[in-house]
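Undergrad: what follows is a predicted protein model with its sequence.
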Amino acid sequence: MTARPTRQPAATDLALHPGTLRSGWCPVCKAWTHITADLLLLSLDGLSTVGTWAWCEICDDPDSPLPARRIDRG
């Protein structure tokens, strides 16, 4: 039995896709605006979950970021 030859994957051999989106509660802004998805990597070896992507439409909005919060201890 001979071993399969191994080769380095080319950039076109990999594809990264988001999984199914899930909505949830954002503990920072206290709203139902949190979105999460698993990151799926499709390669020659098969499908793998390589991480999680999370985003809040209020906290992470680059066009209108939340103001800095301060606690006055006066």
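TA: Right, received. Where do you want to start?
Undergrad: got the buried residues for stretch 54-68?
TA: 56, 60 (16 or more other C-beta atoms under 10 Å). For every residue, glycine as well, the C-beta is placed using N, CA and C.
Undergrad: what does that stretch rub up against?
TA: Here stretch 54-68 makes contact (C-beta atoms under 8 Å, 6 or more residues apart in numbering) with 26, 28, 29, 31, 33, 34, 35, 36.
Undergrad: can you select the buried ones among those for me in PyMOL?
TA: In PyMOL syntax, the buried subset of the contacts of stretch 54-68 is picked out as below (16+ other C-beta under 10 Å):
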select buried, resi 26+33+34+35+36
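Undergrad: now go through the contacts of stretch 54-68 and say which are in strands.
TA: The strands, defined by DSSP state E, take in 26, 31, 33, 34, 35, 36 from those.
Undergrad: now do the SS call for the residue nearest to the fifth one when sequence neighbours are not counted.
TA: For residue 35, ignoring the flanking residues on the chain, the nearest one in space by C-beta to C-beta, 6 or more residues apart in numbering is residue 55 at 5.2 Å. Residue 55 carries the three-state label strand when classified by DSSP: H, G, I helix; E, B strand; the rest coil.
Undergrad: show me the strands in the chain, by range?
TA: Counting by DSSP E, the strands of the chain are 15-18, 22-26, 31-43, 46-56.
Undergrad: what is the mean pLDDT for the last one?
TA: Read it as strand 46-56. Taken as a whole, strand 46-56 has a mean pLDDT of 90.
Undergrad: tell me the buried residues in that strand?
TA: residue 56.
Undergrad: quick one: it to chain centroid distance?
TA: Offset of strand 46-56 from its chain centre (C-alpha atoms, centre = their mean, to the nearest Å): 5 Å.
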